[in-house]
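Q: quick one, what's the 3D model for this:
(one chain, ligands or ions: 2)
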Amino acid sequence: MNYCATHHETPATGRCLSCHKPFCEECCVATDGRSFCGSTCAARHRTFKENYSEIEIRRPFSSWLTGKIIGLGIVAAGASGAVHLAVRFGFDSLARFDWIGRLLK
Ligand SMILES: [Zn+2]
Ligand SMILES: [Zn+2]
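A: Residues are numbered from 1 along each chain as shown. Ligands and ions are numbered 1, 2, ... in the order given. Model prediction:
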């Protein structure tokens, strides 16, 4: 049996969503259908949620950008690798595009 973090004699009715401390009926502060051990934690959670939703809004663009950069990197690496292999197999006309071969020299 858990006891309230503030009232050590009172059995806890729930656990704070913010600091994970057990709290009793008397301490419980409910916001957005979520229960907290006090108004401090409820307020902290609200700020956290606001910050989080800002991140959520910004994230799609940055992940799109990261995806593009990684995609381009893979394409560039693949193309460079193909050119390098072609030069190694005798396609000397491609030698000036073969920066991998130049790096390895
Ligand atoms: Zn708390
Ligand atoms: Zn309490």
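Q: could you use CA atoms for every contact and neighbour count after this?
A: Fine.
Q: buried residues in the lowest-mean-pLDDT helix or strand in the chain, which are they?
A: When each helix and strand of the chain is scored by mean pLDDT, DSSP states H and E, helix 99-104 comes last, with a mean of 82. Neighbour-count burial for helix 99-104 flags G101 (criterion: 16 or more other Cα atoms under 10 Å).
Q: please save the CA atoms from it in CSV.
A: Output of helix 99-104 as CSV, limited to C-alpha atoms (Å, rounded to 0.1, in the frame of the first residue of the first chain):
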residue,chain,number,x,y,z
TRP,A,99,36.7,11.7,-56.4
ILE,A,100,36.8,8.5,-54.4
GLY,A,101,39.7,7.2,-56.6
ARG,A,102,41.4,10.6,-56.1
LEU,A,103,41.0,10.4,-52.4
LEU,A,104,42.4,6.8,-52.3
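Q: can we start the residue count at 498 from this point?
A: With the count now opening at 498, the last piece we talked about shows up as helix 596-601.
Q: and what about T503, helix, strand or coil?
A: coil (DSSP: H, G, I helix; E, B strand; the rest coil).
Q: what pLDDT does it get?
A: On pLDDT, T503 comes in at 94.
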